[in-house]
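In: Curious how this folds, go ahead:
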Amino acid sequence: MDNERGPVLRWEWAVVLLATIAGAGLRLWFLPKVPGLWYDEAINGLDALRILREPGIPIFFDTFGHMREPMYMYLETLGVLAGGTSAIAIRAVSTVIGIATIPVVWLCARELFGRNTAALALVCFALMRWHIHFSALAFRTILAPLFACLVILFLTRMLRRRSMTDAALCGAFLGLGAYTYLAFRLMPVIVLPPLLLAFWQGWKGGGKTAVAAFGRRLGVLAGTALLVFLPLGINYLLNPEHFRGRGDEVTLLQREEPARLLFRQARDVALMPLIRGDHVEKHNIPGPPRFVQTFETGALETMNRWRLESDAAQMEHRPIYDQHGTGVPVFGVVTGLLFYGGLAVLIFGHHMPLAPRLAVLSWLLIGSLASVLSFGAPNMLRLQILTPAAAITIALAMLGLTRYVAAKWQAWKGTPPPVYILLAIPALLFAEQLRTDAGRLARWAEHPMVPGGFNAEWAEMGDFLREQPDRLPVRMAVDPHPTLVYLADGYTFHARPPQEVERWWELRSEPPFPVLEPSGHPRPDSRRLELWIPAGIRLGVLVEVWSEP
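Out: Numbering: from 1, shown residues only. Down below sits the predicted model:
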């Protein structure tokens, strides 16, 4: 197995440069294809505005009752400063983070398995739909792969080089990762098996002296992590609901038959690479049956009350929302088979060092609990932390396949195969990955269920208001939606405008929204925007209104 970690060769720099450019190009190409702005994305944008406009340095955010770690919101301020309150401005922050993660995956894979595996993992990750998709959404989960890579990188270097500096860096990124996303709380458990193996190997090989030295490095790692985590930890002690808040929303413990459900969740996560995909239209292409399942019982009853025709009327007879994965698998057939092949290499590859194999296995298995233990598996968003480990696993299978072909060629011809034969194998595999993943990204962006999943109607209203030259209050018959509040930043939303306001915007809505009491009238030349949910449901008309004379 290739375990060389010497100076970076010229061909490696070329691969890193080309793969990063290709990965950046794919992420920038996909960024403007995402419609609307989802509720959670808008809340993150509102928190960025809070950071910029209000005094203080918040250590945690609970806007609209959503508990969220702070790092992503602080990074979002850069997007708001650069591009204002537009969807693409805050989503571009994720794109930059996604692009920055590409070379870090290469560094991590190179430290684990050497230069050849690292080059293959780099290209695989750069082309991976799973990561590209979330590089275009303003979700804080995009930070988890980056910080997971940095932790594993410096953990592996610490164990190999016995370096205090690497121990401190590993601890620093472990502590910083707690500020990123909920799933990162699994990272201290992920690093535990490699640390236990290192302890056992040190005891076996060097006795008490080696164990004492290992203990000092481990102390530096843990101490640095705790020091960096301390401000957030104090916040959790003072506000326990911040620590448990989001977990309480998705836990299995309050569901019926939790043990049986846990088994189903584990099964669906295990099948996600090749058989069963994420069901959420914001994360993945909805798969068969036709994804009208997202309309749950309450929504169906509402549509029946509206007496809608065509598709909406037929939904009553279709299956209700299936929480257990009807979307397309996360990988195509070829890449999915390679993933399972790489998993076999990690488990049974006794010709390879145990420590890096254990690190990646721990990363995959323990990291998958982020979806297994939360309702609605498989969930590609919660499992973003696994994307670098998945790329490394696929790379191991590619390298193993290439070496198998080389061995067969040499047995047949009696000479090593030409270089172009060896390069052709991963090239063909990557070409198939690119064809499948780019095609699925394009199909997802065109899927009829996607605009509704991203609140396209509220985003259209917000963009309309933001583009107006004046700043008028908006009178809403319902509570303002975060998507509208963020995108139309600068406008004041009132349930009833003050008497002294002569002009305002009013949402003149149809059921199920309550009808507004008439207190003004639109002039013939007033501006207006007719609002429709992408499924064909009319919300109403946003009208510019004047007071009665």
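
In: which stretches of this protein aren't confidently modelled?
Out: Counting by pLDDT under 70, the chain contains low-confidence residues at 1-4, 246-256, 287-325, 477-478, 490-492, 494-500, 510-519, 533-536, 548-549.

In: What ranges does the chain have for its strands?
Out: Counting by DSSP state E, the chain has strands at residues 474-475, 493-494, 503-509, 520-521, 528-533, 537-547.

In: Which of these sits closest to residue 16?
Out: strand 528-533 (44.9 Å; CB to CB). (Glycine included, C-beta is placed from N, CA and C.)

In: what comes up buried for that closest one?
Out: Within strand 528-533, the residues scored as buried using 16 or more other CB atoms under 10 Å are 529, 531.

In: And stretch 476-491, by the same measure?
Out: Quick answer for stretch 476-491 (16+ other CB under 10 Å): 476, 480, 481, 482, 483, 484, 485, 486, 487, 488, 489, 491.

In: Export the strands of the chain to TSV and append columns for distance to residue 365.
Out: Below are the strands of the chain laid out as TSV (distance: least, CB to CB, whole Å):
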stretch	distance to residue 365
strand 474-475	50
strand 493-494	47
strand 503-509	49
strand 520-521	62
strand 528-533	41
strand 537-547	43
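
In: and of the ones you listed, who's closest to residue 114?
Out: Nearest to residue 114, of the strands of the chain and by CB to CB, is strand 528-533 at 52.4 Å.

In: how many other residues sit next to residue 218?
Out: By other CB atoms under 10 Å, 17 other residues sit near residue 218.

In: hmm, I was thinking of residue 388
Out: The burial count for residue 388: 30, using other CB under 10 Å.

In: How about the contacts made by it?
Out: 101, 105, 108, 109, 121, 125, 145, 148, 149, 152 (CB atoms under 8 Å, 6 or more residues apart in numbering).

In: Grab the nearest non-local neighbour of the first one.
Out: So the one you mean is residue 101. Leaving aside its chain neighbours, residue 101 sits nearest to residue 146 (4.5 Å; criterion: CB to CB, 6 or more residues apart in numbering).

In: these two touch, right, residue 396 and residue 116?
Out: No: contact between residue 396 and residue 116 fails when scored by CB atoms under 8 Å: they sit 10.1 Å apart.

In: Looking at these two, which is more packed in?
Out: residue 396 (30 against 21).

In: Distance check, the more buried one against residue 347.
Out: If you measure residue 396 against residue 347 using CB to CB, to the nearest Å, the figure is 11 Å.

In: Skip the chain neighbours and tell me the closest residue to residue 83.
Out: That would be residue 89: by CB to CB, 6+ apart, it lies 2.8 Å from residue 83.

In: Could you measure from that neighbour over to residue 73?
Out: As judged by CB to CB, residue 89 and residue 73 stand 14 Å apart.

In: Give me the more crowded residue out of those two.
Out: More neighbours surround residue 73 than the other of residue 89 and residue 73, with 26 against 19 (other CB under 10 Å).

In: can you pull the contacts of the more buried one?
Out: Residue 73 neighbours (CB under 8 Å, 6+ apart): 44, 47, 48, 51, 58, 61, 140.

In: what's the burial count for the third one?
Out: So that's residue 48. Neighbours of residue 48 (other CB under 10 Å): 27.

In: Could you report the neighbour count for the closest residue to it other than its chain neighbours?
Out: Residue nearest to residue 48 in three dimensions, not counting chain neighbours: residue 76, with 3.7 Å by CB to CB, 6+ apart. Using other CB under 10 Å, residue 76 is surrounded by 27 other residues.

In: What's the separation between residue 76 and residue 460?
Out: Residue 76 is 22 Å from residue 460, by CB to CB.

In: swap in residue 392?
Out: 41 Å.

In: okay, these two: which has more neighbours?
Out: Neighbour count, other CB under 10 Å: between residue 392 and residue 460, residue 392 has more, with 30 against 21.

In: quick one, what contacts that one?
Out: 105, 108, 109, 112, 113, 117, 121, 342, 360.

In: Can you verify my assumption that the fourth one contacts residue 152?
Out: Yes: using CB under 8 Å, residue 112 makes contact with residue 152 at a distance of 7.3 Å.

In: Spit out the residues that contact those two alike.
Out: Once CB under 8 Å, 6+ apart is applied, the residues that residue 112 and residue 152 both contact turn out to be residue 359.

In: among the strands of the chain, which is nearest residue 38?
Out: That would be strand 528-533 among the strands of the chain, by CB to CB, at 14.4 Å.

In: then the closest one to CSV, C-alphas only?
Out: Taking Å, rounded to 0.1, in the frame of the first residue of the first chain, the C-alpha atoms of strand 528-533 are listed here in CSV:
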residue,chain,number,x,y,z
ARG,A,528,-48.7,44.6,-7.3
LEU,A,529,-47.3,41.1,-7.4
GLU,A,530,-49.5,38.0,-7.7
LEU,A,531,-48.2,35.2,-5.5
TRP,A,532,-48.5,31.5,-6.2
ILE,A,533,-47.0,28.4,-4.5
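
In: is it true that residue 213 touches residue 162?
Out: Yes: proximity of residue 213 to residue 162 meets the contact threshold set by CB under 8 Å, at 6.8 Å.

In: how many other residues sit next to residue 123?
Out: 28.

In: ok, it - contacts?
Out: Contacts of residue 123 (CB under 8 Å, 6+ apart): 15, 19, 22, 426, 430.

In: ok, the fourth one to residue 152 distance?
Out: It stands for residue 426. 23 Å.

In: Next: the third one.
Out: Using CB to CB, residue 22 is found at 24 Å from residue 152.

In: okay, the two: which has more neighbours?
Out: Ranked by neighbour count (other CB under 10 Å), residue 22 and residue 152 place residue 152 first, with 29 against 16.

In: With adjacent residues omitted, what lies nearest to the more buried one?
Out: Nearest to residue 152 is residue 108, by CB to CB, 6+ apart, at 5.4 Å.

In: Residue 442 now?
Out: residue 33 (7.7 Å).

In: from memory the one you found sits against residue 135, does it?
Out: No: Residue 33 is beyond contact range of residue 135, at 11.9 Å (criterion: CB under 8 Å).

In: Give the residue from the two that has the larger number of neighbours.
Out: residue 135 (29 against 13).
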